[in-house]
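Q: take a look and give me a structure for this.
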Amino acid sequence: MRGFYFQDGSDKTLWFASENDIATSMYSFISQKPSLEIIEVVEKSILYSIDYEQLQHLYETYPELNLIGRLLTEKYYIEMEERVSSLQFQTAEERYRNIIENKPSLLQKASLGQIASYLGITQETLSRIRKKI
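A: Just a heads-up that it's a prediction; the model follows:
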């Protein structure tokens with residue numbers, strides 16, 4: 001799960017990663033600038049890491065990895081654009097229904113507070129949506 005922690009102590013959940021997903025602050029990784037995001041692991045996990053220089057070395061040594069890197073970047077970009085579009089053009093209920101249809105396991109793994117934050121709503125609004133559905 002990725003999110004922001006703010007100076008007032010609040011946090012905003014931006015993203016959920018599932019098993020075998022890549023979890024990174026893409027902006028920070030590519031720009032090599034400090035991230036404002038934190039990545040929180042909420043269940044038992046095995047993590048692998050690679051830094052930017054190591055990845056560039058792999059690209060140079062194994063050019064076929066460039067294709068994999070490009071495809072992963074395209075996947076990330078598409079998911080990010082879908083996320084932004086959903087926040088701009090869908091209602092909170094539509095966004096919640098999207099979770100039910102496309103990421104049902106998320107409902108068992110994430111807290112209601114995390115889901116509400118991800119949807120950009122309060123827990124009270126999420127409760128009303130859940131009761132309605």
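Q: centre of the chain to the helix ranked longest in the chain, how far?
A: Ranked by residue count and defined by DSSP state H, the top helix of the chain is helix 64-89. Distance of helix 64-89 from its chain centroid, counting by Cα atoms, centre = their mean, to the nearest Å, is 11 Å.
Q: mean confidence for it?
A: The average pLDDT within helix 64-89 is 93.
Q: flag every buried residue along the next helix or strand after that helix.
A: Sequence order places helix 92-102 as the next helix or strand after helix 64-89, per DSSP states H and E. Residues of helix 92-102 classed as buried by neighbour count (16 or more other Cβ atoms under 10 Å): 92-93, 95-96, 99. C-beta: built from backbone N, CA, C; applies to glycine.
Q: tell me the pLDDT at the nearest residue to Ile50 once chain neighbours are set aside?
A: Closest residue to Ile50 apart from its sequence neighbours, by Cβ to Cβ, 6 or more residues apart in numbering: Leu58 at 7.8 Å. You'll see Leu58 listed with a pLDDT of 96.
Q: test my guess that Leu58 contacts Leu65.
A: Yes - assessed by Cβ atoms under 8 Å, Leu58 is found in contact with Leu65 at 5.3 Å.
Q: so the residue nearest to Ile50: helix, strand or coil?
A: Classification of Leu58 using DSSP: H, G, I helix; E, B strand; the rest coil returns helix.
Q: with Tyr52 as the reference, measure out to it.
A: To Tyr52, Leu58 is 11 Å away according to Cβ to Cβ, to the nearest Å.
Q: the two: which is more packed in?
A: Neighbours were counted for Leu58 and for Tyr52 using other Cβ atoms under 10 Å; Leu58 has more, 15 against 12.
Q: tell me how far the residue nearest to Ile50 lies from Asn66.
A: In terms of Cβ to Cβ, Leu58 sits 9 Å off from Asn66.
Q: so what pLDDT did the closest residue to Ala92 other than its chain neighbours get?
A: Spatially, and ignoring its direct neighbours in sequence, Ala92 is nearest to Ile121 (4.7 Å; Cβ to Cβ, 6+ apart). At Ile121, the model reports a pLDDT of 93.
Q: please consider this matter closed, and thank you.
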